[in-house]
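K.L.:
model this:
(one chain, ligands or ions: 3)
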Amino acid sequence: MTGVIQRGTALLSRQGLSEPAIGSFLRVLGCRSYADAASFPYEPKEFEISVTRNRGVDILHDPVYNKGTAHPLIERERLGLRGLLPPGALTMAQQKARAMHRYWHGEDYIDPSQIESGGVTHEHTRKWLCLQELQDRNETLFYRLLVENFVEMAPIIYTPTVGWACANHHKLYRRPRGMYFSANDRREMASMVWNWPHDQVDAIVVTDGSRILGLGDLGTNGLGIPVGKLDLYVAAGGFHPGRVLPCVIDVGTNNELLRNEPWYMGLKQPRLRGDAYYEVIDEFVTAVMGRWPKAVLQFEDFNIEHAAPLLQRYRHHHCVFNDDVQGTAATAVGGLYGAMAVAGKPASALADQRFVVLGAGSAGMGVVSMIALSMVKHGLSPEEASSRFHVVDHKGLITAQRDGLEDHVRPFARKDESIEAEAFIDVVRRVKPTALIGLAGAGRLFTPDVLKLMAQYNERPIIMPMSNPTSRMECTHEEAQLHCEGRAIFASGSPQEDVQFGDKTCAASQANNMYIFPGLAMGALLARSNAVTDGMLMAAAETLATMIPAKELSEGRVYPSMHQIRDISLSVALATMKAAADEGLLHNSNAVKELARGDAYLRRYIHKHMYVPQYTTLMPLDPHQPDPTAAALRNGA
Ligand SMILES: NC(=O)c1ccc[n+]([C@@H]2O[C@H](COP(=O)([O-])OP(=O)(O)OC[C@H]3O[C@@H](n4cnc5c(N)ncnc54)[C@H](O)[C@@H]3O)[C@@H](O)[C@H]2O)c1
Ligand SMILES: O=C(O)C[C@H](O)C(=O)O
Ligand SMILES: [Mg+2]
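P.N.:
Ligands and ions are numbered 1, 2, ... in the order given. Next comes the predicted model:
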């Protein structure tokens, strides 16, 4: 052993390192790494140390030095890699096994049917891999393709395929994207954020992986969701790809199957709860907002226990929103205004609808609250508005007798009905709703019998199975039209095709929060608003229905076509900024001036700030020269 260390020392001094530096190097690495090497079947020739001037992402992008997930934690610390890799380090043996698996089987060994990502075909996964590799090679080209082929590619980089990608992240993993924060990073986060190579970040999307789509707790594998959402920020909302940051906060996972997976790269411990949990999230928020105070922070796919409390905790201090609660709510309201228009009714007819909502989670209650708010805008009292909802969860109808009702559920618990836990179909039969909204994430609960009842009670029943991914939707479009005799006004969370009923073509729409969050975030960013308010969300929602062309309305579409997603995001951003101005939250003086000249000027201002994926001329910069683009960014928007 001593001989090996001596040879290593000699090697290091040949490379020009001073003795104290060699000493500390060996103390940190020395014998431990030799012991690892001892299991290697060949006699190590020399104790080898490589020297590099690079740090951080430059190492991860250098194939000579990159070890991927096998960088030991202590080395990550030394090289500024902390947070740039999944928290659990793998051994080279584990990496070899994963690589050999891929060598023999490609990605074919991942059977979509086994991992419950129904609706995801082999063709989807092939395309996902192709786009992933392109994104790693050339982001400009990747986003250009995405912008120009949005309708084709959104289901690949987003729901439903992103659900499959998250469930299999530990098998598919190739290189890191975004940042990983974990419960083991306590008191380090404020320094870790400096490992991110970009001084400007406009948008951060973060998850704790606890409720990924309807697929449940996927731990650190959930990072794919912030990545997918931010791809849409860029392609649909015009954010610059170099100024967005996907993050996951790993506080453990309660998914035992995942914890037992040898290649899982998250903390293999049960989730933190209570104060310990909130301390980690507080530290994360303080760290990222400390380095990038102007960024918009989007919370995504946090489970019900934490989604609403976290929103309340931060919404009055930072420009923060929860997409599942608020983005989904604005999307649903927008689609319902679309449904009124499809049915030939005025927007105010929303106040006449009766809703049965399946799922009382973050999304379900967010949607219910915002529909109620828009009913109040159309003249109902809050009590009248609440009376238009029957909310059903896994235990059945929610009534005031239910123990432990949360604050945001209580106003919608039925006070007038004594049948606690009434079954969903019985509620539908009794209430005769005009609209069904599904946000339970529990699969096909809009059964043929339920759908037939809806067709019996309504000329144009509104059927919105909004759960994701496709395997968790409450019904397919085909089922809805079949059992509603082709009369359903239909919108689902994951994409569905139009269907034929007799000689009639029935239109499918996608009720997904991607209609709202990219534009909402762009509006909030350009407004320099320090909050995302209900008024801003409502304005965004109201904009959606106004954008459906008459022809599409006559076909039965309740949302404008995704083909115009950039225009939609631009209009949503405009509405958001005008609402911010009404509430005294338009703090960007340039935007204030443009708005004073008229909507068209503010629209042009937003348009000017939207990223267009095209090649720019590259200029080398002297290391001591200040970066002129960074200065322009600071002084500009
Ligand atoms: N379309 C969109 O834009 C959109 C946005 C957000 C969430 N979602 C989807 O909504 C679903 C729920 O998300 P969430 O954040 O509200 O989750 P959540 O875990 O907070 O809530 C789920 C709710 O469904 C209820 N539920 C579970 N099983 C049920 C059953 N068998 N019968 C009746 N109710 C049942 C639970 O009691 C709970 O109230 C997920 O599938 C998610 O993908 C869709
Ligand atoms: O991610 C989506 O497709 C929508 C939504 O945020 C969800 O959680 O399902
Ligand atoms: Mg979500």
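
K.L.:
domain assignment for the chain?
P.N.:
The record's domain parsing of the chain by automatic domain parsing lists 2-78, 92-302, 327-512.

K.L.:
quick check: mean pLDDT across the longest one?
P.N.:
So the one you mean is domain 92-302. Domain 92-302 shows an average pLDDT of 93 in the prediction.

K.L.:
anything in that domain near ligand 2?
P.N.:
Yes - looking at domain 92-302 against ligand 2 by C-beta under 6 Å from any ligand atom, the contacts come from 159, 213, 301. No exception for glycine: its C-beta is placed from N, CA and C like everyone else's.

K.L.:
contacting residues for the nearest residue to Leu172 once chain neighbours are set aside?
P.N.:
Counting by C-beta to C-beta, 6 or more residues apart in numbering, Leu172 lies nearest to Ala165, which is 6.4 Å off, once chain neighbours are set aside. Shown in contact with Ala165 (C-beta atoms under 8 Å, 6 or more residues apart in numbering): 128, 172, 224, 228.

K.L.:
pull the most distant pair out of these.
P.N.:
Greatest spacing in those, by C-beta to C-beta: Leu172 and Gly228 (13.5 Å).

K.L.:
for Lys608, which of the domains of the chain is the nearest?
P.N.:
Each of the domains of the chain has some distance to Lys608 by C-beta to C-beta; the shortest is domain 92-302, at 9.9 Å.

K.L.:
and that closest one, anywhere near ligand 1?
P.N.:
Yes - legend: contact between domain 92-302 and ligand 1 by C-beta under 6 Å from any ligand atom is shown at 211, 213-214.

K.L.:
and which of those is nearest ligand 1?
P.N.:
Within those, distances to ligand 1 taken as C-beta to the nearest ligand atom reach their minimum at Gly214, with 2.8 Å.

K.L.:
where does that closest one land in three-state SS?
P.N.:
The local conformation at Gly214, judged by DSSP: H, G, I helix; E, B strand; the rest coil, is coil.

K.L.:
what does the longest strand along the chain contact?
P.N.:
If you go by DSSP state E, the chain has its longest strand at strand 244-250. Among residues not part of strand 244-250, those counted as contacts by C-beta under 8 Å, 6+ apart are 86-87, 177-183, 196, 198, 201-209, 219-220, 222-223, 226-227, 229-230, 233-234, 266-267, 280-281, 284, 288, 292, 295.

K.L.:
can I have the buried ones of these as a PyMOL selection?
P.N.:
The PyMOL command for the buried members of these (criterion: 16 or more other C-beta atoms under 10 Å) is given here:
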select buried, resi 86+87+177+178+179+180+181+182+183+196+201+202+203+204+205+206+207+208+209+219+220+222+223+226+227+229+230+233+234+266+267+280+281+284+288+292+295
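
K.L.:
mark which of the contacts of strand 244-250 are part of strands, please.
P.N.:
For the contacts of strand 244-250, membership in strands holds for 179-182, 203-207, with DSSP E as the criterion.

K.L.:
could you pull out the strands for the stretch 251-400 of the chain?
P.N.:
In the stretch 251-400 of the chain, the strands defined using DSSP state E, counting those that start in this stretch lie at 296-299, 320-322, 355-358, 389-393, 396-397.

K.L.:
can you pull the residues of this protein lying near ligand 3?
P.N.:
Residues of the chain lying close to ligand 3 (C-beta under 5 Å from the ion) are 301, 324.

K.L.:
give the rounded mean pLDDT of stretch 368-383.
P.N.:
Model confidence over stretch 368-383, given as mean pLDDT, is 97.

K.L.:
quick one: is that stretch near ligand 1?
P.N.:
No - using C-beta under 6 Å from any ligand atom, we find that stretch 368-383 stays clear of ligand 1, coming within 10.8 Å at best.

K.L.:
gap between the closest residue to ligand 2 within the stretch 201-350 of the chain and Arg273?
P.N.:
Here the residue of the stretch 201-350 of the chain nearest ligand 2 is Leu213; by C-beta to the nearest ligand atom that distance is 4.5 Å. Taking C-beta to C-beta, to the nearest Å as the measure, Leu213 and Arg273 are separated by 23 Å.

K.L.:
and the residue of the stretch 351-500 of the chain nearest ligand 2?
P.N.:
Using C-beta to the nearest ligand atom, the point where the stretch 351-500 of the chain gets nearest to ligand 2 is Asn468, with a distance of 3.6 Å.

K.L.:
pretty sure that residue sits in a helix.
P.N.:
No - secondary structure assignment places Asn468 outside any helix; it is coil (three-state DSSP).

K.L.:
before we move on, back to that, higher neighbour count, Leu213 and Arg273?
P.N.:
Leu213 (26 against 13; other C-beta atoms under 10 Å).

K.L.:
check contacts around that one.
P.N.:
Here Leu213 is in contact with 159, 162-163, 166, 225, 301, 441, 468-469, 472 (C-beta under 8 Å, 6+ apart).

K.L.:
between the residues you listed, which is nearest Ser348?
P.N.:
Distance to Ser348, by C-beta to C-beta, is smallest for Asn468 among those, at 30.6 Å.

K.L.:
residues contacting the closest one?
P.N.:
Taking C-beta under 8 Å, 6+ apart as the criterion, Asn468 is in contact with 159-160, 163, 213-214, 441, 493-494, 512.

K.L.:
now the two most distant members of these.
P.N.:
Spanning the widest gap among the contacts of Asn468 are Gly441 and Asn512, at 14.0 Å by C-beta to C-beta.

K.L.:
what's the nearest residue to Pro132 if we skip its chain neighbours?
P.N.:
Careful, residue 132 is Gln and not Pro. Leaving out its chain neighbours, the residue that sits closest to Gln132 by C-beta to C-beta, 6+ apart is Arg174, at 7.4 Å.

K.L.:
just to check, the one you found is in contact with Arg137?
P.N.:
No - taking C-beta atoms under 8 Å as the contact criterion, Arg174 and Arg137 are not neighbours in contact, 11.8 Å apart.

K.L.:
how many residues are close by Phe446?
P.N.:
Phe446 has 26 neighbouring residues, counting by other C-beta under 10 Å.

K.L.:
that's a strand at it, yeah?
P.N.:
No - judged by three-state DSSP, Phe446 forms no part of a strand; its state is coil.

K.L.:
who's in contact with it?
P.N.:
By C-beta under 8 Å, 6+ apart, the contact list for Phe446 reads 358, 436, 438, 463, 465, 474-475, 479-480.

K.L.:
let's see 7 Å
P.N.:
In this structure, Phe446 makes contact with 436, 438, 463, 465, 474-475, judged by C-beta atoms under 7 Å, 6 or more residues apart in numbering.

K.L.:
appreciated, that's everything.
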